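Novice: What follows is a predicted protein model with its sequence.
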Amino acid sequence: MEKVRTRFAPSPTGYLHIGGLRTALYGYLFAKQRGGDFILRIEDTDTTRYVDGSVQIIYDTMRDSGIMYDEGPDIGGNYGPYIQSERKAIYTEYAKLLVEKGGAYYCFCTPERIAGLKDSEGNVRYDKHCLKLSKAEIEEKIARGEPYVIRQNVPTEGSGTYHDLVYGDISVDYKDIEDGILIKSDGMPTYNFANVIDDHLMGITHVIRGTEYLSSTPKYNLMYDAFGWERPVYIHLPPIMKDAQHKLSKRNGDAGYEDFVNKGYIKQAIVNYIALLGWNPKSNVEKMSLAELVERFSLEGINKSPAIFDETKMKWLSGEYIKEMTIDEFKKLALPFLKKSEAFGKFNEDKLLNLVKTRVQILSEIPEKLDFLTDFKEFDISLFVNEKQKASVELAKEILPKIKDRLSALADFTNSALFETLVALSNELGIKKQALLWIARIAITGKGATAGGATEIAELLGKAETLRRIDFSIELLNK
RNA sequence: GGCCUCAUGGUCAAGCGGUUAAGACGCCGCCCUCUCAAGGCGGAAUCCGGAGUUCGAUUCUCCGUGGGGCUACCA
C-alpha cells in the first residue's frame, strides 16, 4: 500500500495560532498512526503579507509542541524545496503545461477592464475575454512585455463532485466558480495553483486542512484531472471559534501557542486540549499524551461543526498534568515562575513548590498563591470570625497570647511538632482545634485563604517571624 | 446577493428510529479537612423552529431561522 503522506502548509504571516496548530496536529496524528510521513511546507507566495521571523516561529512551535515533521525547509527531504518562493520555476513550468492542456490561459486584461465588468449587484466576474486570444496574439503581447496573469479555465457548465472523509460528498456547479488567477503578474503562483502542484509533486496522499477550502476544492480537482494526476484524499476540518460568531484568529489578537506557554500552560495540555477541539476519542478518557493521541486518533471522531475554544477547560487539563508530575518535574517547569514570587529565595524552595503544586493549574498562578508569605500587613480583624470553626475576634484576643507563649517555648518548630502543640493547647483550653488553628493562621498571614495550613506556614516562616507576626496581630486586636 | 457547510446543556461532546438523552469543563450543594486547594459524593442545566416519512423522531427528508466559509493578482 502507498505510504501515507500528509502536510501542514502555513503562511508565514505571524505567529502560529491555535487553529493552525490543530490542523498540523491532525495531519501529524493521521500520518504517524499509519506509519506515514508528515511534511512541513511554507506557503509564502504572498510577499505582501510576509512577516519577518514567522518562519522561525513555525519551526520552533512545532518542535516545542512535539508535532514534529519528517520533511521540511530546515531539515530537508527528498521533495524539496519546501518553501514555495523557492519553487517559482516549477510553478511556471506546470502553468505552461496546464495552458497547453487547455486547463488555463494567459490573460492580459487590465484591472480597469476587469473593474468595468461589474454586474447590477456590483459583483465582478471575469468574462473569459482572453480565452479567445490566438496563440500568435499571445506570443506577440508577451514579446511586447505586456503584463499578464495565467487564469484557470473553468468549464461554464457541469459540476464537480468529490468525497470528503469528514463532510461527505461535496458538489459545486462550475458556473459558480470563476476563472481564478493561478499565476500572478509578478510570476508568483496563488495558493490555488501552488497547493495543487506541490501536493502532487510532494506525493501528498491526504490533504488535511480547514473548511475554508471545502467549496474551492472542486476547482483544484479540475487541475488534477487536467494534468492527469490522481486526486488526493480530502479531509476538511471544522473551524475553531473564539465565540459563536468569530473564528479564532490572530487578527483579533487571540492568543497563540507561545502565549499560552508563556502564561504557564503545560505544553502537553495545550496539545491535548486542541486535539479535543473538533475530535472526540469515543471514550471517556480525555487526558492523552501525544503518543496516545497517535494511537487513538480516528477520522470517525472528527466533528463537522465549529468548536468554541474554552480556555477554562484547557486550564483544567493543564492542572491535571501538573498534579501527576513528580515534584522534580514540576520544579523544572515551575522555577522560572517561582522566581517571580517575592517569596523566592526567602523560603525553602521545595516547600514552596509543594505548597503550590496542587493549587495551580497554570504556572503563572504561582506567585499569587504565595503572596501571603511576604505580604503581611495590617488586615481586617473580622477575618478572625469564622462561624463554622467557632472562631471569633474575642476568642482570638483571648488565646493568641497563649498561642504565643506556647510557641515561644517550642524548640522543634516543625509542622508536626507545631500541630501537636497547638492541638494540645486547644484541648487544654477546651476549644475546637479548628478554632485555634483558624485564629493562628489568620494571625500569621492576615489572609482568609492561604495555600497551606497554620502549622505548615509557621514552619515555613520560622520561629522568629511567626512570633513577630503573632505580636503584630495581638497589637492589632488591642487597638 | 450567489454558492458550500454546520446546528444536542454556558462550553467540549456521546448518540447514528424506540435511551431515565452518556461523559468532561464550569457552576451549585454535601462529605473530608488546619483555611484554600486536592480528593469523594450528589445536583441543576441540552436536542433551533415548522412541515413531512414512520406505529414511533434528537436521529431520515424538505423548508425556514441562525452561525461559519468561499465568492482577492490572501491563504
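Specialist: Arrived safely, thanks for sending.

Novice: The residue of the stretch 251-400 of chain A found nearest RNA strand B: what's it in contact with?
Specialist: Nearest to RNA strand B, among the residues of the stretch 251-400 of chain A, is residue A:305, at 2.9 Å (Cβ to the nearest atom of the strand). In short, each C-beta sits where N, CA and C put it, glycine included. Neighbouring residues of residue A:305 by Cβ atoms under 8 Å, 6 or more residues apart in numbering: residue A:238.

Novice: show me the residues around residue A:39 that make contact.
Specialist: Contact partners of residue A:39, counting by Cβ under 8 Å, 6+ apart, are A:5-8, A:69-72, A:77, A:79, A:82, A:202, A:204.

Novice: what's the answer for residue A:48, then?
Specialist: By Cβ under 8 Å, 6+ apart, no residues touch residue A:48.

Novice: Ok, residue A:416 next?
Specialist: residue A:455.

Novice: can you list the domains in chain A?
Specialist: Per automatic domain parsing, the structural domains of chain A span A:5-76+A:195-240, A:87-191, A:250-326, A:327-366, A:376-478.

Novice: do you know how far residue A:246 is from residue A:239?
Specialist: Going from residue A:246 to residue A:239 by Cβ to Cβ, to the nearest Å gives 10 Å.

Novice: that older thread, next one, pLDDT for the residue of the stretch 251-400 of chain A closest to RNA strand B please.
Specialist: Note on residue A:305: pLDDT of 96.

Novice: picking that back up, and the domains of chain A, which is most packed in?
Specialist: Mean neighbour count (mean count of other Cβ atoms under 10 Å) peaks for domain A:5-76+A:195-240 among those, with a mean of 19.

Novice: Would you mind checking the average pLDDT for it?
Specialist: On average, domain A:5-76+A:195-240 scores 96.

Novice: Do it and RNA strand B come into contact?
Specialist: Yes: Domain A:5-76+A:195-240 comes into contact with RNA strand B (Cβ under 7 Å from any atom of the strand), by way of A:9, A:11, A:43, A:45-46, A:48-49, A:211-216, A:238-239.

Novice: okay, how far is it across that domain, tip to tip?
Specialist: Criterion Cα to Cα, to the nearest Å; first-to-last residue distance in domain A:5-76+A:195-240 is 24 Å.

Novice: Stretch A:288-303 now?
Specialist: Counting by Cα to Cα, you get 18 Å between the two ends of stretch A:288-303.

Novice: if we look at that stretch, which residues are touching it?
Specialist: A:25-26, A:28-30, A:32-33, A:66-67, A:165-166, A:235, A:237-238, A:268, A:271-272, A:275, A:278-283.

Novice: Among those, which are located in helices?
Specialist: Residues of the contacts of stretch A:288-303 located in helices (DSSP state H): A:25, A:26, A:28, A:29, A:30, A:32, A:33, A:268, A:271, A:272, A:275.

Novice: Need the contacts of residue A:39 in a markdown table (columns: distance to residue A:346).
Specialist: What follows is the contacts of residue A:39, written out as a markdown table (distance: Cβ to Cβ, whole Å):
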| residue | distance to residue A:346 |
| --- | --- |
| A:5 | 55 |
| A:6 | 51 |
| A:7 | 52 |
| A:8 | 46 |
| A:69 | 45 |
| A:70 | 48 |
| A:71 | 51 |
| A:72 | 46 |
| A:77 | 52 |
| A:79 | 57 |
| A:82 | 51 |
| A:202 | 57 |
| A:204 | 57 |
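
Novice: Can I get those residues in CSV including secondary structure and distance to residue A:227?
Specialist: Below are the contacts of residue A:39 laid out as CSV (DSSP: H, G, I helix; E, B strand; the rest coil; distance: Cβ to Cβ, whole Å):
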residue, secondary structure, distance to residue A:227
A:5, strand, 18
A:6, strand, 21
A:7, strand, 19
A:8, strand, 24
A:69, coil, 26
A:70, coil, 26
A:71, strand, 22
A:72, strand, 25
A:77, coil, 22
A:79, coil, 17
A:82, coil, 21
A:202, coil, 14
A:204, coil, 14
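
Novice: pLDDT below threshold where in chain A?
Specialist: A:1 (pLDDT under 70).

Novice: For RNA strand B, give me its nearest residue in it.
Specialist: For chain A, Cβ to the nearest atom of the strand, closest residue to RNA strand B: residue A:453, 2.4 Å.

Novice: Would you check that residue A:286 makes contact with residue A:275?
Specialist: No: under the criterion of Cβ atoms under 8 Å, residue A:286 makes no contact with residue A:275, lying 9.5 Å away.

Novice: Now do the contacts for residue A:264.
Specialist: Counted by Cβ under 8 Å, 6+ apart, residue A:264 has contacts A:318, A:337, A:360, A:362, A:363, A:364, A:365, A:366.

Novice: Quick check: the fifth one touching residue A:331?
Specialist: No: under the criterion of Cβ under 8 Å, residue A:363 makes no contact with residue A:331, lying 11.3 Å away.

Novice: How is the residue lying closest to residue A:478 once chain neighbours are set aside assigned, secondary-structure-wise?
Specialist: Nearest non-adjacent residue to residue A:478, counting by Cβ to Cβ, 6 or more residues apart in numbering: residue A:397, 7.4 Å away. Under DSSP: H, G, I helix; E, B strand; the rest coil, the three-state class of residue A:397 is helix.

Novice: In contact with residue A:323, which residues?
Specialist: Going by Cβ under 8 Å, 6+ apart, residue A:323 touches A:357, A:358.

Novice: repeat for residue A:220
Specialist: A:192, A:195, A:196.

Novice: wait, which of the residues you listed is closest to residue A:58?
Specialist: residue A:195 (17.0 Å; Cβ to Cβ).

Novice: And for the helix or strand harbouring that closest one, what's in contact with it?
Specialist: Residue A:195 belongs to helix A:191-201 when assigned by DSSP states H and E. Helix A:191-201 is contacted by residues A:7, A:9, A:41, A:43, A:45, A:79, A:84, A:87, A:90-91, A:94-95, A:152, A:180-183, A:189, A:204, A:207, A:216, A:219-220, A:223-224, A:227, A:229, A:232 when judged by Cβ under 8 Å, 6+ apart.

Novice: do you know how far residue A:432 is from residue A:353?
Specialist: Separation of residue A:432 from residue A:353 (Cβ to Cβ): 31 Å.

Novice: To clarify, my last question referred to residue A:323.
Specialist: Taking Cβ to Cβ, one finds residue A:323 at 13 Å from residue A:353.

Novice: Most distant residue from the centre of chain A?
Specialist: residue A:428 (57.0 Å; Cα atoms, centre = their mean).

Novice: The host helix or strand of that residue near RNA strand B anywhere?
Specialist: Using DSSP H and E, residue A:428 falls within helix A:415-429. Yes: Helix A:415-429 lies within reach of RNA strand B by Cβ under 7 Å from any atom of the strand, at A:415, A:418, A:419.
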